[in-house]
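>>> my questions concern the predicted model and sequence given below.
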Amino acid sequence: MSDDESEMARLRNMPKYTSLQMQKERMGNRMRNIAEKLAPKQEEDETGFIKPRSRMPGQKRDRLLDEPKELPQEFGKKYFATDPSEVHKDFERKNVDEDLMEAEAEEEEEDVLIGPAIPKETKEINTDKYTDYIQDSLQLPISHQAILKNHNKGVMALEIDPSGNRLITGANDYQVNFYDFQGMNQKLRPFRTLHPFEGYPITCLSFNNTGSNFLVSAGKSTVKVYTRDGIDVQETIKGDIYLRDMVHTRGHTEAVYEARWNPAEKNLFMTTSYDGTIRLWDLNSKHIGLDQNITYEHLMKLKTKNGMKSAGNTCCYSKDGELIVAGTTNGGIHIWHHKTYYGNPTFVNHTAHQGEVASICFMQGILQFFTRGSDNSMKVWDLRKFKDPVHVWDELPNESSRTQVSLSPDEKYVITPANIIDPLGSKGVIGQLVFCDTKTFDIVAHINMSRTHVHRVQWHPVINQLLVGCGDGATRILYDPEKSSKGIITALSKKAKTNVEDFIEYERDIITLDTIHKIKQNKPKPLRVAEMREDSKASHKPEEPLKGRLATNSITAFIMTQIHKNTNRDVDPREALLKYAKIAEENPTWVQPAYAKTQPKPIFDYTPPVRDEVKFMESIKTEKCVKCGQKFCACNKKLTDDVDLNKKATAK
């Protein structure tokens, strides 16, 4: 028998409860092997014997491992930085279409077809244009993608602070997630989750110009202000729904779907609501009520062409904060200058879109801006000719009133989501990003994002990364390792810390004498049935339970059925009462003895009772009015008679 066979026999005969000891021995052997490799090699002489190391007088004996040449520069918790080239291979954007094709292939394999396969029709598929032209000439940071999948429903709001370090996302699952790129690792998890309005989906998030506070709106009549760490700062007051004029209410009375900060002031913001008003707020204004909420500073009304109330759906400031733009649910656009807060709008277009105005985005300056509508179109406007749009992009389908439009940092491209029907014929839609040139108005690229709707998009100028909110609850971040900086790249460069327990492999179960009988024996069913039949207890037929209303085997049931039997259910109640009628008449006990002398024969009063109001009206002897037929005249005839008598008396 060889050495290997003897070793295998020894291991096979060992009890199972020593597997942990075997693991410890293996770990010790590995450590000894590593130590021998790291130990300095000793020289051999001509005879093959190892030469002893030469030591200086007073020199200590060498250790097994060499001492570190340099002292450590950092202490405490450390993240293992990985090679950027290896990290970004797993997040390449080109793999997205391959995943979509694999999903299609899996769906086709699941469908069982009888007979020959049906030939597929040739269709022009609008796929991603991953070409050198898009990546080099257009300079779009779309080569890689990271996915933040921490929501259960569609992401309807996202915002990143001006520095590009803090990201917040809101979805239809009523929660807001906080992401810190500087403290996040490859697990891409939020460091905090918040529920601002319980039971209300988040519709808008907005940071102020310093990034210290942000706004949250969720379809309620109030808006909340939080710090960048999620601490509650303030809340707007709710208006009085019973007041008709909105000027007299201190807050909104209907749902608020959009709230934006003033880009020039860190404490000023505005809100638009379905009550047909735009209100300007100041955090430093006077606080009222038990909750110390703030009231609005200025108010502007949204009206239709006929002067009726128009519900506001979105709002936006210009880059310098000089103009306020609001979009309504009936497709109108209203623009105010900061000098005419209390008056009529400076510019109005009631027929800007056929449906709701979903989003507004200003270019640098106050002359041109873009709007996105629910009528599957995007338009660019110029205030010098506001009646008609400068250009219209049609056939951009969207099914949400929260579809956003955004600009690139250099304002060379305008981006908006579009949701097209899957050309391969599968279920659902394909969410895309459409890139348009702001000078030539040409569509330069279509980027497929996911098989769900895409609602929100934002291109941050500092980190040069695209943030996209999708209907599957994921926030996708597009970037390019060469063109982008910081942001998600910082988080991906930090490897997630792993526990040592994840690498321990238990080859065998640890079994002790106390747990041998608890081990489940997987025997075939016929064998288990045969064993049960041989067992007298397992094969014994149980006793049949008692039947009936009180069919139990307890002592209480025996007493109720045999000893204390209730027979009142079988007696007629009328006959039981009449049985005592003759006895009550011959031997009265309660009422008749009291009236035996004064009223030997009972006399009963059968007249119906009369109310006090009827007695009062019958006691009044005044005649009824000829005109109204009431004793208390309500037609002022008596008053006119008194006036006539006074006139006659004065005439005399």
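Everything's here; your move. Numbering: from 1, shown residues only.

>>> measure K412 to L140 for me?
10 Å (Cβ to Cβ, to the nearest Å). Just so you know, the C-beta spots here come from the backbone N, C-alpha and C atoms, and that holds for glycine as well.

>>> no no, C470
Distance from C470 to L140, by Cβ to Cβ: 19 Å.

>>> same thing with H287?
Counting by Cβ to Cβ, the separation of H287 from L140 is 47 Å.

>>> between the two, which one's more packed in?
More neighbours surround L140 than the other of H287 and L140, with 23 against 13 (other Cβ atoms under 10 Å).

>>> what bridges to the nearest residue to P196 once chain neighbours are set aside?
Residue nearest to P196 in three dimensions, not counting chain neighbours: V216, with 4.6 Å by Cβ to Cβ, 6 or more residues apart in numbering. Taking DSSP bridges as the rule, V216 bridges to L205, K224.

>>> tell me how many other residues crowd V216.
26.

>>> hang on, isn't it packed against L205?
Yes. The pair V216 / L205 is scored as a contact, 6.2 Å apart, by Cβ atoms under 8 Å.

>>> and for those two, which residues touch both?
Counting by Cβ atoms under 8 Å, 6 or more residues apart in numbering, the common neighbours of V216 and L205 are G170, V176.

>>> show me where this protein has its helices.
With helices called from DSSP state H, the chain shows them at 3-13, 19-38, 84-87, 95-110, 132, 488-492, 525-534, 536-539, 555-558, 573-578, 581-586, 612-619, 637-651.

>>> and the second one, what's its mean pLDDT?
If I follow you right, that is helix 19-38. Across helix 19-38, the average pLDDT comes to 65.

>>> got it, and stretch 360-367?
Mean per-residue pLDDT for stretch 360-367: 86.

>>> what about that stretch, start to end distance?
Stretch 360-367 has an end-to-end distance of 13 Å (Cα to Cα, to the nearest Å).

>>> sorry, back to before: who's in contact with the residue nearest to P196?
Counting by Cβ under 8 Å, 6+ apart, V216 makes contact with G170, V176, P196, F197, I202, C204, L205, V223, K224, V225, Y226, A259.

>>> would you turn these into CSV with pLDDT?
Listed next are the contacts of V216 as CSV, based on pLDDT from 0 to 100:
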residue, pLDDT
G170, 94
V176, 95
P196, 93
F197, 91
I202, 94
C204, 94
L205, 94
V223, 95
K224, 94
V225, 95
Y226, 95
A259, 94
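
>>> now, among the residues you listed, which is nearest to H391?
Of all the contacts of V216, H391 sits closest to C204, with 27.2 Å by Cβ to Cβ.

>>> list the contacts of the residue nearest to that closest one when sequence neighbours are not counted.
Closest residue to C204 apart from its sequence neighbours, by Cβ to Cβ, 6+ apart: S217 at 4.4 Å. Listed by Cβ under 8 Å, 6+ apart, the contact partners of S217 are I202, T203, C204, V223, V256, Y257, E258, A259, T271.

>>> for the fourth one, give me phi and psi.
Yep, that's V223 we're talking about. phi -130, psi 140 (degrees, to the nearest 10).

>>> what about it, how many residues nearby?
28.

>>> for L492, see how far away Y179 is.
With Cβ to Cβ as the criterion, Y179 and L492 are 13 Å apart.

>>> I should have written D480 there, sorry.
Counting by Cβ to Cβ, the gap from D480 to L492 is 13 Å.

>>> neighbour count for these two, which is higher?
L492 (24 against 20).

>>> would you mind giving me the confidence score for that one?
We have a pLDDT of 89 for L492.

>>> name the nearest residue to it, sequence neighbours excluded.
V87 (5.3 Å).

>>> mind listing what the one you found touches?
Contacts for V87 (Cβ under 8 Å, 6+ apart) come out as Q186, L492, S493.

>>> thinking again about what came up before, among the contacts of V216, which one lies nearest to E618?
Nearest to E618 among these: F197, at 63.3 Å, using Cβ to Cβ.

>>> what's the neighbour count on that closest one?
18.

>>> okay, now the closest residue to it other than its chain neighbours: neighbour count?
Leaving aside its sequence neighbours, F197 sits nearest to A218 (Cβ to Cβ, 6+ apart; 4.1 Å). For A218, the tally of surrounding residues (other Cβ under 10 Å) stands at 25.

>>> K615 now?
Neighbours of K615 (other Cβ under 10 Å): 9.

>>> what about it, distance to G629?
Taking Cβ to Cβ, one finds K615 at 20 Å from G629.

>>> list the contacts of L158.
Contacts of L158 (Cβ under 8 Å, 6+ apart): L167, I168, T169, G170, L205, R456, Q458, L467, G469, T475.

>>> the last one bridge partners, please.
T475 has these beta-bridge partners by DSSP bridges: L148, G469.

>>> repeat that for the fourth one.
Listed beta-bridge partners, G170: A157, V176 (assigned using DSSP bridges).

>>> what sits against it?
155-158, 176-177, 201-205, 216, 218.

>>> hmm, try it at 6 Å
Contact analysis of G170 by Cβ atoms under 6 Å, 6 or more residues apart in numbering lists A157, V176, I202, L205.

>>> what number of residues lie near I237?
Neighbours of I237 (other Cβ under 10 Å): 21.

>>> so it is in contact with D291, correct?
No. Taking contacts as Cβ atoms under 6 Å, I237 lies outside contact range of D291: 8.2 Å.

>>> okay, the closest residue to K149 other than its chain neighbours: pLDDT?
Excluding its sequence neighbours, the residue lying closest to K149 (Cβ to Cβ, 6+ apart) is A474, at 4.6 Å. Listed pLDDT for A474 reads 92.

>>> and I463, by the same measure?
92.

>>> same check, this time on the one 5 residues further on
At V468 the predicted local confidence, pLDDT, stands at 94.

>>> N448 too?
Note for N448: predicted pLDDT of 86.

>>> could you give the bridge partners of it?
The partner list for N448 in beta bridges (DSSP bridges) reads Q432.

>>> any figure for the gap between it and Q592?
100 Å.

>>> those two: which has the busier surroundings?
A direct count of neighbours by other Cβ under 10 Å for N448 and Q592 places N448 higher, at 20 against 14.

>>> and A171, how close does it get to E618?
In terms of Cβ to Cβ, A171 sits 74 Å off from E618.

>>> which of the two has more residues huddled nearby?
A count of neighbours by other Cβ under 10 Å puts A171 above the other of A171 and E618, at 26 against 9.

>>> what's near enough to touch that one?
H151, K153, G154, V155.

>>> among those residues, the buried ones, what's the ChimeraX command?
A single ChimeraX command is used to select the members of those judged buried by 16 or more other Cβ atoms under 10 Å:
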select :151,154,155
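
>>> quick check: domain ranges of the protein?
127-497, 616-652 (automatic domain parsing).

>>> in TSV, list the ones you listed along with distance to M532.
Output for the domains of the chain, formatted as TSV (distance: least, Cβ to Cβ, whole Å):
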stretch	distance to M532
domain 127-497	46
domain 616-652	90
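
>>> out of the ones you listed, nearest to E25?
So among the domains of the chain, domain 127-497 is nearest, using Cβ to Cβ, at 27.9 Å.

>>> still on that earlier bit, measure the residue nearest to F197 to I360 for me?
Note on A218: its distance to I360, by Cβ to Cβ, is 20 Å.

>>> one more: K238?
Relative to I360, K238 is positioned 26 Å away (Cβ to Cβ).

>>> now I430
Taking Cβ to Cβ as the measure, I430 falls 26 Å from I360.
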